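# Turn this into a model:
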Amino acid sequence: MTTNLLKSYFPMIQSREEILARIYSNPELQQLFESWTVLQQKEFLDFCSGAKGIKVLYDSFFKEVMNPEYDPARLESFLTTLLNRKVRIKEVLPNDSTRLSDENSLLITDIIVELEDGTLANIEVQKIGYAFPGARCACYSSDMLLRQYKRARQRSIDPVTGKDTFSYRCISKVYLIVLYENSPSELKQCPDHWIHRSKTIFDTGLSMDLLQDYIFISLDIFRLKMHNKKVTTLLEAWMTFFSTDDPEEIIKLITDFPQFKPMYETLYQMCRNVENVMGFFSEELREMDRNTDRYMIDELQKEVDTQKALLEEKDAVIAEKDAIIANLQAKLAEK
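Next comes the predicted model:
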């Protein structure tokens, strides 16, 4: 059975019966469990018992395994592979409370780090392909750049003399890295590409770094492109780690890239605490409900805007024809 496959690699995995026994021995856990739908109950039991692999992009799982405050080497490895440069994390920055308040529910994960050279990298996970991704990401990146500017200004003040030594040389590049579990429609228009890298380029050949780089990763498109293909690169291995819950694929991954096995061990050890995992799973379900509602609002608003534009265009055509008719009628009246 699939459960036995994973359990042979991760002996800390509990059986379905052990998990249910723990749940039904606690009235509060039982009440919470029975408040879920049958499909939600099955999903929870499947990943806890190893019938299915763990969905690494769940907020608590991702933070447990990728948070650089726990183990910086993991995020450093991912960023080194993604950016094609050696990365060392200097500092983990707290989430900025000034960020647009209505955006908070849209991002499942938001980790911001400062690298040794002063570069900032913001790693975000989005579960749903929201409308207006370009505008959102431009705002996120600009917000991060302004945040770095404020930090540089504060650091430039000499605490003794009060002298301001600020220079724009203090401002470093910012990377916005977005992992899309379900890509927005704009990215789905490029079905042959699962990773998109962007930086400002001038049509004259002018060389000027405007400091804002973007990397968009479509994990759903990656899954389609890699179907029945062997994972051969470390970047593909990272994408597989983030996107698969198939036990056989997980076993292949940790066999070919053994550095991922300790990460799964961390997550399966985490699953042994049934109370905590049930708590974060419930919060994940609530977040998904809010995100889905927001997505539907965005999609309906986009549809309303499209219909409104069509009506305005139709009104303009009618007004133009009315003007032509009025002009012809005036000419007839003169005759």
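# Show me the shaky parts of the stretch 101-250 of the chain.
Counting by pLDDT under 70, the low-confidence segments of the stretch 101-250 of the chain come to 101-109.
# what about the strands in it?
With strands called from DSSP state E, counting those that start in this stretch, the stretch 101-250 of the chain shows them at 109-115, 120-126, 174-180, 195-198, 212-218.
# And the second one, what's buried?
By neighbour count, with 16 or more other Cβ atoms under 10 Å as the criterion, the buried positions of strand 120-126 are 120-126. For every residue, glycine as well, the C-beta is placed using N, CA and C.
# got JSON lines for the strands of the stretch 101-250 of the chain, with distance to Glu186 too?
Shown next, in JSON lines, are these (distance: least, Cβ to Cβ, whole Å):
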{"stretch": "strand 109-115", "distance to Glu186": "21"}
{"stretch": "strand 120-126", "distance to Glu186": "13"}
{"stretch": "strand 174-180", "distance to Glu186": "10"}
{"stretch": "strand 195-198", "distance to Glu186": "10"}
{"stretch": "strand 212-218", "distance to Glu186": "9"}
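# that older thread, of all pairs in the buried residues of strand 120-126, which one is the farthest apart?
Leu120 and Gln126 (18.9 Å; Cβ to Cβ).
# returning to what we had before: just the buried residues of strand 120-126 now: which is nearest Tyr9?
Relative to Tyr9, the closest of the buried residues of strand 120-126 is Val125; by Cβ to Cβ it sits at 25.4 Å.
# and the one helix or strand Ile318 maps to, what does it pack onto?
Assigned by DSSP states H and E, Ile318 belongs to helix 274-334. When contacts are defined as 3 or more Cβ pairs under 8 Å, 6 or more residues apart in numbering; DSSP states H and E, helix 274-334 packs onto helix 16-24, helix 27-35, helix 38-49, helix 59-66.
# looking at the ones you listed, which is closest to Phe281?
Within those, the stretch nearest Phe281 is helix 38-49; the backing value is 5.6 Å (Cβ to Cβ).
# who does that closest one touch, helix- and strand-wise?
In terms of contacts (3+ Cβ pairs under 8 Å, 6+ apart), helix 38-49 is packed against helix 16-24, helix 274-334.
# Out of those helices, flag the one nearest Leu145.
Closest to Leu145 of the helices and strands packed on helix 38-49, according to Cβ to Cβ: helix 274-334, at 25.0 Å.
# just how off-centre is that closest one within its chain?
Relative to the chain's own centre, helix 274-334 is displaced by 26 Å; criterion: Cα atoms, centre = their mean, to the nearest Å.
# can you check stretch 147-162 too?
32 Å.
# which parts of stretch 83-100 are buried?
The neighbour-count check on stretch 83-100 (16+ other Cβ under 10 Å) flags 83, 87, 89, 93, 99 as buried.
# cool, and stretch 170-178?
Result for stretch 170-178 [16+ other Cβ under 10 Å]: buried residues 171-178.
# which of the helices and strands packed on helix 38-49 is buried the deepest?
helix 16-24 (a mean of 15; mean count of other Cβ atoms under 10 Å).
# helices or strands up against it?
Helices and strands touching helix 16-24, as assessed by 3+ Cβ pairs under 8 Å, 6+ apart, comprise helix 27-35, helix 38-49, helix 274-334.
# Need the ones you listed in TSV (columns: distance to Leu115 and mean pLDDT).
TSV is the format used below for the helices and strands packed on helix 16-24 (distance: least, Cβ to Cβ, whole Å; pLDDT from 0 to 100):
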stretch	distance to Leu115	mean pLDDT
helix 27-35	41	96
helix 38-49	33	95
helix 274-334	29	77
